[in-house]
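using only what follows, build the 3D model:
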Amino acid sequence: MADIRITVGDLVFLAVLEHERAPETCRYFLSLLPYKTQFVHVRWSGEGCWVPLGEASVPFTFENATSYPAPGQMIFYPGGYSETEILLAYGAVCFASKLGQLAGNHFLTIVEGLEQLPALGKRALWHGAQDVLIESFA
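Coordinates of the predicted model:
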């Protein structure tokens, strides 16, 4: 059952947190909600949107990390070799930065609205940063 709503303009996605696979990442992310930010099209990784967090320090390390999130999977990179960031795959992704391939914690999976992901990617690519609201409704 979905417990997270992601709203980007008229696009609404419902998602589940991956509590068993990434408990510390989920706990931290929940503490941020409701979270207002912007999705920016990724620079290096392929078909994804990201939220750059710069040098932000987070209270978790790697858990359930992947370089290849599937469409609808969100990963959280806790920093280290590159800046701290969140990435949502809308298509094929190989998570990377100018320093090379990275891995982020898969902590959230979209379960409703997957068919809208290409529209989100197209908007971010052709129209720039997209306002996002991520909230819990559990």
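
so where is the protein shaky, pLDDT-wise?
Regions of the chain meeting the criterion pLDDT under 70 cover residues 138.

which residues in it form strands?
Taking DSSP state E to define them, one finds strands in the chain at 4-8, 11-17, 35-41, 46-52, 65-66, 73-77, 85-93, 96-97, 100-101, 104-112, 130-136.

identify the residues contacting the fourth one?
Translated: strand 46-52. By CB atoms under 8 Å, 6 or more residues apart in numbering, the surrounding residues in contact with strand 46-52 are 37-42, 69, 71, 83, 85-95, 120-121, 124, 130, 132. All C-beta spots, glycine's among them, are computed from the backbone N, C-alpha and C.

equivalent analysis for the second one, please.
Among residues not part of strand 11-17, those counted as contacts by CB under 8 Å, 6+ apart are 1-7, 26, 29-30, 72, 74, 107-114, 116-117, 119-120.

mind listing what's buried along it?
Of the residues in strand 11-17, 13-17 count as buried by neighbour count, 16 or more other CB atoms under 10 Å.

one more: stretch 73-89?
Buried-residue list, stretch 73-89, by 16+ other CB under 10 Å: 73-79, 82, 84-89.

nearest to Phe62, of the residues you listed?
Set against Phe62, the nearest of the buried residues of stretch 73-89 by CB to CB is Pro78 (6.9 Å).

quick one: residues contacting the closest one.
25, 58, 60-62, 84, 104-105.

can you check Tyr81 too?
Tyr81 neighbours (CB under 8 Å, 6+ apart): 97, 99-100, 102.

and these, which are buried?
97, 102.

relative to Val8, how far out is the residue nearest to Glu112 when sequence neighbours are not counted?
The shortest distance from Glu112 to any non-neighbouring residue, by CB to CB, 6 or more residues apart in numbering, is to Leu14 (3.9 Å). As judged by CB to CB, to the nearest Å, Leu14 and Val8 stand 13 Å apart.
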